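[1] fold the following, please.
(chains A and B)
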Amino acid sequence: MRLALFITCFNDTLFPETGASVVRVLRRLGHEVEFPYDQVCCGQMHFNSGYRRDAVPLVRSFVEAFEGYDAVIVPSGSCTAMVREHSATVARTAGGTLPEGVARVAPKVYELSEFLVDVLGVTDVGAYFPHSVAYHPTCHSLRMLRVGDRPTRLLRAVRGLTLVDLPRAEECCGFGGTFAVKNAPTSAAMGDDKVSAVLESGAQVLCAGDNSCLTHIGGLVSRQHAGVRVLHLADILARTDALPDVPVYRPGLPGASDLVVGHAPGPEATR
Amino acid sequence: MTAAVRREPTFVGMPPFPEAAEAELANPVQRANLRAATHTIRAKRDAVVAELPDWELLRRAGEAIKDDVLARLPGLLEHLEAAVRAAGGVVHWARDAAEANAIVVDIVRAEGVDEVVKVKSMATEEIELNNALAEAGIHAWETDLAQLIVQLGDDLPSHIVVPAIHRNRAQIREIFVREMGRVGRPAPERLSDEPAALAAAARLHLREKFLRAKVAVSGANFAIADTGTVCVVESEGNGRMCLTLPETLITVLGVEKLLPTWGDLEVFLQLLPRSATGERMNPYTSMWTGITPGDGPREFHLILLDNGRSDVLSDPVGRQALRCIRCAACLNVCPVYERTGGHAYGSVYPGPIGAILTPQLRGIARHPVDAQTASLPFASSLCGACFDACPVRIDIPEVLVHLRAQVVDGGRGPHDRAEDAGMKTLRWMFEKPWRIGFAQHVAGVGAHFVRHGVIGRVPLPKRVSGPVGAWFADRDAPAPPAESFRSWYKRTEGGREL
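    Below is the predicted model of the structure:
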C-alpha cells in the first residue's frame, strides 16, 4: 500500500509538529509514508468563501499530487471533507478531465482517525499520555465525514489518558474559516462558550482533529490566560513512554518547536 | 376605535449582518433568553424525534414530496385554483408584495371595515401587510400571543415559530401593562409575570377583537391541490378563532406551500410539529375548503403569492430552500442565531434558512444586491447543524456556499477589494509549492522576533478593518515556527531521526 501524507497548508506552515506526529504514529505501526512536495492546499478557503473559480487550480494540483497513491492521510477533518465532499463541485465548474481525476482520487482520502481505525484496523497505537483530555468533535469531521467515535476510541486506548466529557461538545467553536474574521465578535462569542465548556469539563488538555479550530479556541484561551492546552489528536497519539509530555511551546496553543520532554508543567507555567 | 393606526417597524435599512450582530451580542438579557428558549425546544425536539424509528425515512419522504411539488408547480397551482373556485372561494394571483397588499386592502375596503384580525403568518410578515393596511387606515390586530407581544412592543419578530423568543416574561408583562390599554382592553390590575396570568390577559384583550371582527387574514402551512383545502397548524386556538368567526377570510399563501394530495399531509403532520415545537402533534390543526353555507366565513379569498419564488425555483441549487415548511428547527440549533438573535438577519426569515431564503427572494442570482443582503450568506460558520435538523433535508451549508459564489464571482455584492486581493495572492502562492515554501521561510524568520511564540495583542488602532484586526480583537495567534513541515521533511529525509 502506497501511502501519502497531505499535511494541509495550515499545518505545514503553522503546525509542522502535527505532521511529524502523523509520521511518528504511522511509522510506529510499521507503515512508511511519502510526502509529495507538489502538494499545496485543498482549496477549502477559496471554495467556502465564494472564490469557487480560484479553487479550481488548487483542486487540480491536489489531484496531480496525489494520483497514484492507494491512500492519502490528512490530519484535518475539514480539509478531508473539502476533498471528498466538495472538490467534485469545483471540478464540475472547471470541466475537462478534472471531474474524473477528482472521482479517482477523492475516495482514497482519509482523515487520520478514519485511516487508523477503518483502513489499518487499529485503535491502540501504543501511545502514552498521562493527562486528562476533553475531545471536541469539529463540525466537518462530525457532520460531513461522520467520523463518529473513532477519535475517542483512539484516545481511550491511550495509556494514562483520562477522557473527560465535554459539555455541549457537538456545538461549533465558531471558527468557520473566514467566518472567524468576517464575523469576528460572533465567532469569538461562540469560542468563549467553548472555552467555558472546556473549563467546566476540568480537562488539562483539549483535543481535536483540526488545528484550525484549535487555533481559534487556543487563541481565546491564550488571551484569557485560561490555562488549558489545546492539542491535535495526532500530537497525543504520537506521545509514548519515551516522549511522555505535552509539547510545550506557545502557551495554550498547539505548536511545533521547543518540545519539552519531562514532567508536565502546571497551567501557571504556560502563562 | 380611538387609537390611531400605527405603522409597525420594518427591517428596511438594517446594517449588514456583522454590524447588526455586534449590537445584538451586546445584549446579555436577550442572549440569555434565546439560549434558554432554543435549548429547551432543542431538547424537546430531540426527544420526540428519537421516538420515531422512521424519522430519516420521513425526512426523505418530505424532501421527495416537496421536490415533486416544485417540479410541477404551475400545473398544481392551476389545479388548486380550480378546486378552490369549485368550493366557492375566490383565487387571486400576486406577483409581488405590492400586488398582494393591494388585493387585501381592496377586499377589506369593500367590506367597509377599518380593522382585521390576523392569525400569525410569515407570508404577511414578508410582504409587510400590516403597514400596507395601516397606510389605508386599517388596523391589523395580531392574535397569536407571541406576535401580539411583538406588535404591542413596537418590535420586530425574531423567530419564525416563536416571534417573541427574545423576550422574557418580565419584559412581556411590562409591555402588556404599558400598551394593551392604548389599543383595546387594558391589562388586568396587578398583572403578575406568571405565564398563566399573561396568557389570561392576552385572552381577555383579544376576545373583544375576535368577537367584533368582520374580516380575518391568515397565512397557511399547507394547501392541498387536489381538493383546494387550506391548512393552518397552531398551538393556541387563536388561529381557529380567526378562521371561523369573521364573515370574510383572506389567506395569503406562498406558492411553494402546496401539497398534491391529502395523503401527503400524513408525512408533514409528523414532521412539522416535532420539528417546530417538539410536540408529537400541535394542539390545533384547522382545515377548510372554500366556503360552507351556514358555517364559518361567507367569503373566502386565497391570494397566491410569488414575490420572488419563481426566481428561486429557477436556481437548481438554491431552489431546495422552497422545501422549507417554516418549522425553525434550523434556528433552534444554530450557534450563530443563538448568540446574535433574529433581528441581526434583517429579515422576517432569520437564522440559517433566512440566510439562504432572503437573499434568493431579494434576487441575488439576477442582480447586484445591497450590503445587508450580500452579508447574509456569510453569516454562518458552516457547522452543518441546520442540515441535520431540517425535516425536509435542505442542505443549507451547500446553498450558503453557492450563494457566496454568486456574491463573489458574480459580482452581486459590494466589492471587497482587500479580500479579493488576499484571496488572489493566496491562490497565486498555492499554485507553485516553492512560493509557499518561500513564504513559510519569511514568516519563520519574522517569527524570530516574537516572544514566547505567541502573537498577542497587536498594537493596532482600535478600529482596524480587515482580517488581522478582526482576529486579534479577542484572540492570540501562534507565531509561525522556524521550520515548516515541508522543510523539516526535506531536511530529515522524512523524519529519519525519529
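
[2] from here on, contacts and neighbour counts on C-alpha atoms
    Fine.

[3] so, low pLDDT: which residues of the chain?
    In the absence of a named chain, this looks at chain A. Counting by pLDDT under 70, chain A contains low-confidence ranges at A:244-271.

[4] correction: the question concerned chain B.
    Residues of chain B meeting the criterion pLDDT under 70: B:1-3, B:451-452, B:458-465, B:497-498.

[5] so residue 91: helix, strand or coil?
    The chain I'm using is chain A. helix (DSSP: H, G, I helix; E, B strand; the rest coil).

[6] not what I meant, chain B
    strand.

[7] ok, it touching residue B:301?
    Yes - if you go by CA atoms under 8 Å, residue B:91 and residue B:301 touch, sitting 5.9 Å apart.

[8] more neighbours, these two?
    For residue B:91 versus residue B:301, the count of surrounding residues by other CA atoms under 10 Å in any protein chain shown is larger for residue B:301: 23 against 18.

[9] residues contacting residue B:268?
    Applying CA atoms under 8 Å, 6 or more residues apart in numbering or on different chains, we find residue B:268 in contact with residue B:62.

[10] residues in contact with the residue in the stretch 301-450 of chain B that chain A sits nearest to?
    Residue of the stretch 301-450 of chain B nearest chain A, by CA to the nearest CA: residue B:405 (3.7 Å). The contact partners of residue B:405, by CA under 8 Å, 6+ apart, come to A:47, A:49-52.

[11] domain map for chain B?
    B:17-149+B:213-309, B:417-492 (the TED database).

[12] those into TSV, with extra columns for distance to residue A:59?
    As requested, these are exported to TSV (distance: least, CA to CA, whole Å):
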stretch	distance to residue A:59
domain B:17-149+B:213-309	30
domain B:417-492	10
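
[13] among those domains, which is the most enclosed?
    Mean neighbour count, computed with mean count of other CA atoms under 10 Å in any protein chain shown, is highest for domain B:17-149+B:213-309 among the domains of chain B, reaching a mean of 20.

[14] for chain A, just list every one of the strands.
    Taking DSSP state E, the strands of chain A run over residues A:3-5, A:33-34, A:71-74, A:109-111, A:132-135, A:162-164, A:205-208, A:229-232.

[15] meant to ask about chain B
    Assigned by DSSP E, the strands in chain B fall at B:90-94, B:115-118, B:139-142, B:215-218, B:222-224, B:229-234, B:248-254, B:258-259, B:284-289, B:299-305, B:454-455, B:477-478.

[16] contact residues of the stretch 51-200 of chain A facing chain B?
    Proximity of the stretch 51-200 of chain A to chain B (CA under 8 Å from any CA of the partner chain) is limited to residues A:51-55, A:57-58, A:61, A:139-140, A:143-144, A:171-172, A:174-177, A:179-186, A:188-190.

[17] repeat that for 6 Å
    The stretch 51-200 of chain A has residues A:139, A:176, A:179, A:181, A:183-184 near chain B, with proximity defined as CA under 6 Å from any CA of the partner chain.

[18] let me have the residues you listed in a markdown table, extended by neighbour count.
    Listed next are these as a markdown table, based on neighbours: other CA atoms under 10 Å in any protein chain shown:
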| residue | neighbour count |
| --- | --- |
| A:139 | 26 |
| A:176 | 24 |
| A:179 | 22 |
| A:181 | 23 |
| A:183 | 27 |
| A:184 | 24 |
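
[19] residue B:166: which of the residues you listed is nearest?
    Within these, the smallest distance to residue B:166 is 21.0 Å, found for residue A:183 (CA to CA).

[20] contacting residues around that closest one?
    residue B:18 (CA atoms under 6 Å, 6 or more residues apart in numbering or on different chains).

[21] where does it fall, phi/psi-wise?
    The phi/psi pair for residue A:183 (degrees, to the nearest 10) reads phi -130, psi 60.

[22] can you list the buried residues in stretch A:3-11?
    For stretch A:3-11, the neighbour count (16 or more other CA atoms under 10 Å in any protein chain shown) marks A:3-11 as buried.
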